[in-house]
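1. Build me a model from this:
(2 chains)
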Amino acid sequence: MSDESVETAFDTFLNALADGKGYYLKCMNGHASLPPRYGCPDCGATDLERQPLPDVGEIVAMTTIRVPAPAFAEAAPYVLAVAKFGPVRLTGRLLNIDPDDDTVESGALVSATASSVGDESFVAFELR
Amino acid sequence: MTAVRIAGVGMTPFGSHPETTGRELFGEASCVALDDAGVPCDDVDALFYGNFMGAFAEKQNHHGPLMADAAGVTAPATRFESACASSGVAVREAVSKIRAGQADVILVGGMERMTNLSTASTTEALATAGDELYEGRAGLTFPGAYAMMTDAYFAAHDADRTDLAHIAVKNHANAVENELAQYQQAIDIDDVLEAPMVADPVGLYDASPITDGASALVLTGEDYAEANDLDASIAVTGSGQGTDSLSLQGRESLTRTPAAEQAAEDAYTDANVGPDDIDVAEVHDCFTIAEVLAIESLGFYEPGTGYRAARDGETTRDGDLPVNLSGGLKAKGHPVGATGAAQLVELTKLLRGEHVNSDAVADAETAVTHNAGATVASAVVHVLEVVE
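-> Predicted coordinates for the structure are as follows:
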């Protein structure tokens, strides 16, 4: 259960994604990473600046989850993918897809947004 | 630096024991190991113990003291948690402490109780080994993560589900006569290919099962073993560990496991051996693709070529380099916190000539274990050698 009065850096990121204003973090040495974080995972630099996330990502791997955790029982089967957006990769749920009727393969182009199940929000993708 | 010997090993049968508590499971494995070693409980200087999901399965954390009590030892006791590499890490820390001269005898092992939970609840617990914010919340399961690694591997190389099915068939065949294995029955390629999908393209028979079990070893310094006239013919001569981004999205490639490559390189250097010296291996085949990535990371195969090994008979019982003669996680079972130490238990028996499959590696002198945490964000490799 999350406290609605508290907004973490991850919530801020998801809200920005949902508004079409996604971003990633870039350190002084040019390394890209994703929030929430204090320092760069590659070099430890702490001056992380927001950079606009590219509008379009490319799916690099995907799966259809058929045996889910209890919280996602009603959503199954559902499709998850890792997609590359410029210098960063995101993991997300592919929305508006019936995995048994629709054919989606790696290389497909997506845009990033946010979705939720119950109180939990997460990264989601929509086919372009 | 003191050399490290394996003085005793013990395992419970791996399988479905929902009526048995974790403390009973670890108590059994540790008592078998201490009895095998012939080392009195009072001589144990430390208990190092791996467990992953005790808080889910038994509403129990703080396993160190609980398991010391179960094992009948009063030594300082510490729990290690690195997902499915929990007891592999525990072994590595025990090796390090003995080498440093800070202990003569360490009881090391692990336990997992899983089948008392529903499959859905176990799925939920296992998913916590990934990144909660980016993976768990989106509904990524543990099989789902390996399914994406499989998908990426298939896209990059000429491999298919039949190649992977040969790994499952091989490991089931190896477990048929292993009395401690969860599945002591052979399967065929069609069984694997026709099984229900868990997370495409990972089917039910591409996955290791949900398992209860415990494993334990008594490690001693060489000097202690000689002074006490122990029958400790197997040495741990190499140890390595690697770490990678916890999340799949944090990695450059989904088809390589650099944490395991680092662990292997360090373990080989430590033991002064190379991949060509290895006679037999126990690797972390939590899913069929994981065995491919393991044998590539250990340097037995170039990246992108390991998928043919089982199909071509190179890693089967009669092959040049038998892999997972115990049955592996796939057929022996995968009680996650017990798995890393169990690999050393099985290899010790194989090298001693006491394993039901020892005949397949009668002349083996050097062996390796490969234990991975989650999607190989953690990896531990150990080299074992026959010294007497």
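
2. Would you mind naming what in chain A lies close to chain B?
-> Chain A comes close to chain B at residues A:10, A:34, A:36, A:41, A:60-73, A:75, A:78, A:80-82, A:88-93, A:99, A:106, A:117, A:120-124, as judged by Cβ under 8 Å from any Cβ of the partner chain. Every C-beta, even on glycine, is put in place using the N, C-alpha and C of the backbone.

3. ok, now with 7 Å
-> For chain A, the contact set with chain B under Cβ under 7 Å from any Cβ of the partner chain comprises A:10, A:60-70, A:72-73, A:75, A:78, A:80, A:82, A:89-93, A:106, A:120, A:122-123.

4. Could you measure from B:Ala33 over to B:Leu329?
-> 20 Å (Cβ to Cβ, to the nearest Å).

5. Compare the two (neighbour count), which wins?
-> Per other Cβ atoms under 10 Å in any protein chain shown, whichever of B:Ala33 and B:Leu329 has more neighbours is B:Leu329, with 32 against 28.

6. need the contact list for the spatially closest residue to that one that is not a sequence neighbour.
-> Using Cβ to Cβ, 6 or more residues apart in numbering or on different chains and skipping residues adjacent in sequence, the residue nearest B:Leu329 is B:Ser208, 4.0 Å away. By Cβ atoms under 7 Å, 6 or more residues apart in numbering or on different chains, the contact list for B:Ser208 reads B:Asp285, B:Cys286, B:Leu329, B:Lys330, B:His334.

7. which residues touch the third one?
-> For B:Leu329, the contact set (Cβ under 7 Å, 6+ apart) comprises B:Ser208, B:His284, B:Asp285, B:Cys286, B:Thr339.

8. let's see it at 6 Å
-> B:Ser208, B:Asp285, B:Cys286 (Cβ atoms under 6 Å, 6 or more residues apart in numbering or on different chains).

9. and if you look at the last one?
-> By Cβ under 6 Å, 6+ apart, the contact set of B:His334 is B:Ser208, B:Thr211, B:Cys286.

10. and if we set it to 8 Å?
-> B:Cys84, B:Ser208, B:Pro209, B:Ile210, B:Thr211, B:Cys286 (Cβ atoms under 8 Å, 6 or more residues apart in numbering or on different chains).

11. Can you give me the pLDDT of it?
-> Note on B:His334: pLDDT of 98.

12. do the same with the second one
-> What the model reports for B:Cys286 is a pLDDT of 98.

13. ditto for the third one
-> For B:Leu329, the model assigns a pLDDT of 98.

14. What strand or helix carries B:Gln262?
-> Using DSSP states H and E, B:Gln262 falls within helix B:258-271.

15. residue boundaries of the strands in chain A?
-> A:23-26, A:32-33, A:49-52, A:57-65, A:78-85, A:88-94, A:109-117, A:120-127 (DSSP state E).

16. List the neighbouring strands of the first one plus their orientation.
-> To tie it back to what came earlier, the one meant is strand A:23-26. Looking at strand A:23-26 with DSSP bridges, its partner strands are strand A:32-33 (antiparallel), strand A:49-52 (antiparallel).

17. then it to PDB, C-alphas only?
-> C-alpha atoms of strand A:23-26 as PDB (Å, rounded to 0.1, in the frame of the first residue of the first chain):
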ATOM      1  CA  TYR A  23      13.100  11.800 -19.100                       C
ATOM      2  CA  TYR A  24      16.300  10.000 -18.200                       C
ATOM      3  CA  LEU A  25      19.300  11.100 -16.100                       C
ATOM      4  CA  LYS A  26      22.700  12.100 -17.500                       C
END
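
18. what's the average pLDDT for that strand?
-> pLDDT averaged over strand A:23-26 gives 98.

19. ok now it, how far from the chain's centre?
-> 13 Å (Cα atoms, centre = their mean, to the nearest Å).

20. Need the nearest residue in space to the residue most central in space within chain B, chain neighbours excluded.
-> Nearest to the mean C-alpha position of chain B, by Cα atoms, centre = their mean, lies B:Gly340 at 3.2 Å. Nearest non-adjacent residue to B:Gly340, counting by Cβ to Cβ, 6+ apart: B:Gly88, 2.7 Å away.

21. That neighbour: what's it in contact with?
-> B:Gly50, B:Ser82, B:Thr339, B:Gly340, B:Ala341, B:Gln343, B:Thr369, B:Asn371, B:Gly373, B:Val380, B:His382.

22. if we go to 10 Å?
-> Residues near B:Gly88 by Cβ atoms under 10 Å, 6 or more residues apart in numbering or on different chains: B:50, B:80, B:82, B:110, B:239, B:241, B:263, B:284, B:339-344, B:369-373, B:378-382.

23. Let's see which of these end up in helices.
-> Of these, the ones assigned to helices by DSSP state H are B:Ala263, B:Thr339, B:Gly340, B:Ala341, B:Ala342, B:Gln343, B:Leu344.

24. For those, give me a markdown table that also has pLDDT and distance to B:Met114.
-> Formatted as a markdown table, the ones in helices among the contacts of B:Gly88 follow (pLDDT from 0 to 100; distance: Cβ to Cβ, whole Å):
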| residue | pLDDT | distance to B:Met114 |
| --- | --- | --- |
| B:Ala263 | 98 | 25 |
| B:Thr339 | 98 | 12 |
| B:Gly340 | 98 | 16 |
| B:Ala341 | 98 | 16 |
| B:Ala342 | 98 | 14 |
| B:Gln343 | 98 | 18 |
| B:Leu344 | 98 | 21 |
